[in-house]
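1. the following comprises the amino acid sequence and a computationally predicted model.
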Amino acid sequence: MTTSIKSSLIEQLRNGPSSVARESYTTHTESEKRCARQISDFVKNNPVLKERAVFIQPPNEYGVNKMACTSIRPTLLPKTELYDLRQCSEFVARFVQYEPRESSDTEQVVISPTQTLSWAVGDAFDMSVLLVSLLIGAGYDAYVVIGHAPAYIRLKDQTHMKCTLEKRERTDPLKPWSVDAIVQDACPLDKVKDRIDLHCWVLVKSSCKRDLTEGSCFVEPSTGIIYPLDQDVPYNSMWCAFNDKNYWVNASNSDVRLTDDISSWLKVLPNIAPFSHVSKIEILSEQYALRYPPSGKRCLLLDKAKIEYFGDSIDPQGLATRISQFEDDDQTVVVQITELFSPNTRDDHLIERIRRPLDMSCVETYSMKNPHSVVKRSETASRRTIKFHPKSRSDGLIERVEDIGTFITETFHDRSDSLIQRVVELKRLPRDAKKPKGDVIVCGSGLVLAAITRVDDHYAAPIDKSALNTSVASQSYQLKEKQVVVTHHCHHEALQTSDTYSKDDMFEPNATGRSLLKLEHTTIQALKKTQDEMIELCEAIYHRDLKMLSNVDPPKSDDAATGTAGSASKDDAQDESKTFDYLEPFLEQIDNKGPLTQDEASQVKDACLKNFKDRLLERANIMQSRLDTARQELGRKQEASAVAEDTFRIKVMEKRLREHEDAAITRYKALEKKLNEDERLAILPCTSRREAVPIIDEKQ
């Protein structure tokens, strides 16, 4: 079995210079020696509990046995988000790279929380000690629990878990809300029946200092998921628990009972445990900003979903989280992609984008700092909707819905003229059509030209009911009919009255006609101005996305995920893009510089086909070899954390191999056709030129 990262780091530390080790890590104080004697007496007096107390004095990273309680150092880091139980649990689960316990027979080494934070690597025991140190420092009544759990918990196998999206409530209106992936642990029966083994997690009890809304709970350190005790929990039994004060052992035979009441358990130390022997827990700002060391990225595979996390300034677009939801179990058909962006990292202050490729739709949400005052923008193939911050625009526009080429609906708020809605009817024009005489042309992004045929302005009813009958309810500018229809408010909508004014009569000297003409002109100008602003906004979004894409480096082939497939596709692209003479290497082997004889042409053709066949077979064999190796690794990694990733790798490799085998025959026949049509081989008889040669034999 391969050596874990934790074991390698421990070996490097122990073989390094002794000056690196702090004295408290390698020596025992008088109080620690006294505790060791008390522990020895406890084990002698309770021989039945010896197995359950096996982790009471585990070796630390320097190989020195230290009491488990002294490995906990309560610390309050200067990061406000770590004061909250859920956020602190998520931070530890994502910051520290989880490694399952190598074997049940190996000695459990519990490294200090300071070293765990520095290495960003650890197993359930190390992560639990770190999490409890931070929670106790934040005022929580937290304990490290040692017990039994099924394999899917110990291996951090989350491929059966569902992913839903939930919006957090905004506590500060100036800060944008965020969408979090809520992982639902709906474990199937085959997972529950997995082999049970020792595991470590965290118990948080409700106390007067930090009251918990849902009561006492368990926290899984590898995932950060919180399990309230009044609900189903994935653990099987509790053997012992400890904090920075003492160590408790469950003496009951009914060890399957999961509880937060450990007062009836046997207490190992009669007094409080000695002060922690580990050095101060600190985290650099650069480390904290990275979030997911060492690369600044984390990937979580769930049931029909994938969650990608990015540290600050890692993604050129300012991306913080990407949640991809799929239609199938193989994760090939994307249903929805939710992207969350770090605040104040983008010029447009985009905070969320939801894309649905199958529907060709996109919804973007912006913060209040957006330069165009946009709150939300949604776009489909036929409709574009933009919402603005209230009171941010001088014209009072709060929403604009554009059914491309047919209608535009604008909604207003708090205008002095009581205008609440404007509906514009459009007539789509062909691109090569001439502009109709007298029509007002508008164009939207997407190269759609349309002419305005009608504009309906709707007004709010006055507060003073006595002026209801004289107030205007709507004004309809019918450009095609060359008339204006004015409708007045009434106590009952069915009794509304309307007046129709023809443009031919408006040139007569009356105030109503002149005012309506002026109003129509003002309305059309306002529409054109708003349309120009929308075009400018769409162009800004287009150039923004173009700039973001140009900043992204070309994707590198991920050998861990695609194996030979990446190099194979790269070779294929090079073969197709580069023009070369496929007969040149074989013609060089012929001394004859003139026209080829029949034997020479046959020799060149056979050599060319044989060489290409060998290349196809060699590539297929390499792909098959790497696929077999990946399968063997999966068989050896029954106790490793990468089972889900290896399964995904094998599926990808199998798909690539099938594609290669399917394409091999087609490519071979294509080459043979080129050879048959090559004038330099025209001397060959037709039967020889059309002869089909088997490409890949199954035995080969």
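-> Thanks, I have it.
2. for residue 522, grab phi and psi.
-> Main-chain dihedrals, residue 522, degrees, to the nearest 10: phi -60, psi -40.
3. so how far is residue 400 from it?
-> Distance of residue 522 to residue 400, computed by CB to CB, to the nearest Å: 18 Å. Yep, even glycine has a C-beta here, placed from its N, CA and C like the rest.
4. what helix or strand is residue 100 on?
-> For residue 100, there is no helix or strand it lies in under DSSP states H and E.
5. dump the residue contacts of the residue nearest to residue 140 when sequence neighbours are not counted.
-> Closest residue to residue 140 apart from its sequence neighbours, by CB to CB, 6 or more residues apart in numbering: residue 210 at 4.9 Å. Taking CB atoms under 8 Å, 6 or more residues apart in numbering, we find residue 210 in contact with 85, 138, 139, 140, 141.
6. show the pLDDT at the residue lying closest to the second one once chain neighbours are set aside.
-> If the residues on either side of it in the chain are set aside, residue 138 comes closest to residue 83, at 4.8 Å by CB to CB, 6+ apart. Residue 83 is assigned 91 on the pLDDT scale.
7. ok, residue 83 touching residue 140?
-> No - judged on CB atoms under 8 Å, residue 83 makes no contact with residue 140 at a distance of 9.5 Å.
8. count of residues packed around the nearest residue to residue 76 once chain neighbours are set aside?
-> Nearest non-adjacent residue to residue 76, counting by CB to CB, 6+ apart: residue 137, 4.1 Å away. Using other CB atoms under 10 Å, residue 137 has 20 neighbouring residues.
9. now tell me which helix or strand of the chain has the poorest mean pLDDT.
-> helix 559-562 (a mean of 40; mean pLDDT, DSSP states H and E).
10. now residue 363: phi and psi?
-> Backbone torsions for residue 363, taken as degrees, to the nearest 10, come to phi -130, psi 120.
11. look up how far residue 379 lies from it.
-> Distance, residue 363 to residue 379, using CB to CB: 8 Å.
12. ok, these two, which is more surrounded?
-> For residue 363 versus residue 379, neighbours defined as other CB under 10 Å are more numerous around residue 379 (20 against 16).
13. hang on, that one packs against residue 361?
-> Yes - look at residue 379 against residue 361 with CB under 8 Å: they come within range, at 6.9 Å.
14. residue 500 versus the closest residue to residue 497 other than its chain neighbours, what's the distance?
-> Excluding the flanking residues, the one nearest residue 497 by CB to CB, 6+ apart is residue 488, at 5.3 Å. Look at residue 488 and residue 500: by CB to CB, they are 13 Å apart.
15. and these two? Which one has more around it.
-> Using other CB under 10 Å, the more surrounded residue of residue 488 and residue 500 is residue 488, with 16 against 11.
16. what sits against the more buried one?
-> When contacts are counted by CB under 8 Å, 6+ apart, residue 488 touches 469, 470, 471, 472, 473, 496, 497, 498, 499.
17. that one and residue 474: what is the separation?
-> Counting by CB to CB - residue 488 and residue 474 are separated by 9 Å.
18. narrow the contacts of residue 210 to those that are buried.
-> Buried by 16 or more other CB atoms under 10 Å: 85, 138, 140, 141, out of these.
19. so what's the last one scoring on pLDDT?
-> Among the per-residue scores, residue 141 holds a pLDDT of 93.
20. about what we covered before: got any residues that touch both of residue 488 and residue 500?
-> Joint contacts of residue 488 and residue 500 (CB under 8 Å, 6+ apart) do not exist.
21. center of this protein, which residue is that?
-> In the chain, the centroid-proximal residue (CA atoms, centre = their mean) is residue 322; its distance is 2.4 Å.
22. can you spell out which residues form a bridge with the residue nearest to that residue when sequence neighbours are not counted?
-> Nearest residue to residue 322 in three dimensions, chain neighbours excluded: residue 308, at 4.4 Å (CB to CB, 6+ apart). For residue 308, the beta-bridge partners under DSSP bridges are residue 299, residue 322.
23. ok, residue 308 - contacts?
-> 297, 298, 299, 300, 321, 322, 323, 324.
24. next, format those residues as JSON lines and append distance to residue 679.
-> Shown next, in JSON lines, are those (distance: CB to CB, whole Å):
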{"residue": "297", "distance to residue 679": "55"}
{"residue": "298", "distance to residue 679": "59"}
{"residue": "299", "distance to residue 679": "54"}
{"residue": "300", "distance to residue 679": "59"}
{"residue": "321", "distance to residue 679": "60"}
{"residue": "322", "distance to residue 679": "54"}
{"residue": "323", "distance to residue 679": "58"}
{"residue": "324", "distance to residue 679": "52"}
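25. ok, of those, which one's closest to residue 260?
-> Relative to residue 260, the closest of the contacts of residue 308 is residue 300; by CB to CB it sits at 28.4 Å.
26. show me the contacts for the closest one.
-> Residue 300 touches 158, 306, 307, 308, 309, counting by CB under 8 Å, 6+ apart.
27. switch the cut-off to 6 Å
-> residue 307 (CB atoms under 6 Å, 6 or more residues apart in numbering).
28. wait, a helix at residue 408?
-> No - Residue 408 sits outside any helix when classified using DSSP: H, G, I helix; E, B strand; the rest coil, being strand.
29. any low-confidence regions in the stretch 551-700 of the chain?
-> Scanning the stretch 551-700 of the chain for pLDDT under 70 picks out the ranges 551-580, 592-593, 633-648, 686-700.
30. try it again at 80.
-> 551-596, 598, 627-652, 680-700 (pLDDT under 80).
31. ok now stretch 28-48, how far from the chain's centre?
-> Offset of stretch 28-48 from its chain centre (CA atoms, centre = their mean, to the nearest Å): 49 Å.
32. swap in stretch 624-632?
-> The answer for stretch 624-632 is 29 Å, by CA atoms, centre = their mean.
33. please apply the same query to stretch 410-425.
-> With CA atoms, centre = their mean, you get 40 Å for stretch 410-425.
34. same question for it, mean pLDDT?
-> 91.
35. pull out the buried residues from that stretch.
-> Here stretch 410-425 shows 410, 411, 412, 419, 420, 422, 423, 424, 425 as buried, counting by 16+ other CB under 10 Å.
36. in CSV, list these along with distance to residue 589 and secondary structure.
-> Listed next are the buried residues of stretch 410-425 as CSV, based on distance: CB to CB, whole Å; DSSP: H, G, I helix; E, B strand; the rest coil:
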residue, distance to residue 589, secondary structure
410, 76, strand
411, 78, strand
412, 82, strand
419, 85, strand
420, 85, strand
422, 79, strand
423, 78, strand
424, 75, strand
425, 76, strand
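37. CSV for these, including distance to residue 204?
-> Listed next are the buried residues of stretch 410-425 as CSV, based on distance: CB to CB, whole Å:
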residue, distance to residue 204
410, 52
411, 48
412, 51
419, 56
420, 52
422, 56
423, 56
424, 58
425, 61
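38. tell me the one of those residues nearest residue 92?
-> Once CB to CB is applied, the member of those that ends up nearest residue 92 is residue 411, at 46.4 Å.
39. just to revisit the earlier point, right, and the residue nearest to the centre of the chain touches residue 338 too?
-> No - the criterion here is CB atoms under 6 Å, and residue 322 misses it with residue 338 at 7.3 Å.
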